[in-house]
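K.L.:
below: sequence and its predicted model.
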Amino acid sequence: MDFPERVYTTEEVRIALELVKKGYLHRLRIKGRSVFKENVRQALKHVKTAGYHDFLRTYIRSIVEIEGLTQLREAEATIWATNYTVQNPIDAASLFIQKASHMKEYLEGKLYFGGAAETRSVEKRIEFLKLLKKKSVNQKVKDECSRLLSQWNESVFL
């Protein structure tokens, strides 16, 4: 069984969830200009360091450069992102994990947007940053994780 081209109808969501439960992983595709692709690749290195690469590949099929607002396109299992969004690879990596968390809840039939859902996905993002800080051997990465965690601690989400 192939992963559905769209994940929109009840049947498409059912098939996608069944495949995910069986361990399906997407071959993550990056689409955009070369500078965008390079920035995303840098972010993906941090995703791998923190041990979240399979989580991301489970729920996200592609990351596509767009002009406009960065968002998850659930029906496509795709993150639409601006080049600005991926300029800080550590922050971008944490955003990718947050969007993958949204996609997971979408497939599971949970309310994946709004107050409580947003809090859960931000918690996943913070969990990622803490783990990356712990696992990285690069002091600059650790320092940036600390800075981002400090920003999240000051936010209204926590």
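P.N.:
Now that the structure is in, tell me what you want to look at. Residues are numbered from 1 along each chain as shown.
K.L.:
which SSE is the closest residue to P4 other than its chain neighbours in?
P.N.:
Once flanking residues are discounted, P4 sits nearest to E12: 4.2 Å by CB to CB, 6 or more residues apart in numbering. C-beta here means a position set from N, CA and C on the backbone, and glycine is covered the same way. In this structure, E12 sits in helix 10-21 according to DSSP states H and E.
K.L.:
check the gap between N39 and I97 for me.
P.N.:
N39 sits 16 Å away from I97, going by CB to CB, to the nearest Å.
K.L.:
which of those two has more neighbours?
P.N.:
I97 (28 against 23; other CB atoms under 10 Å).
K.L.:
picking up where we left off before, if you count neighbours, what's buried in the helix holding E12?
P.N.:
Going by neighbour count (16 or more other CB atoms under 10 Å), the buried part of helix 10-21 is V13, I15, A16, L17, L19, V20.
K.L.:
contacting residues for W152?
P.N.:
V122, R125, I126, L129, L158 (CB atoms under 8 Å, 6 or more residues apart in numbering).
K.L.:
looking at pLDDT only, which of those scores worst?
P.N.:
Minimum pLDDT for these is recorded at L158 (48).
K.L.:
show me what E65 bridges to in the sheet.
P.N.:
Residues in a beta bridge with E65, per DSSP bridges, are A81.
K.L.:
surely it and I79 touch.
P.N.:
No. Contact criterion CB atoms under 8 Å: E65 and I79 do not qualify, at 10.2 Å.
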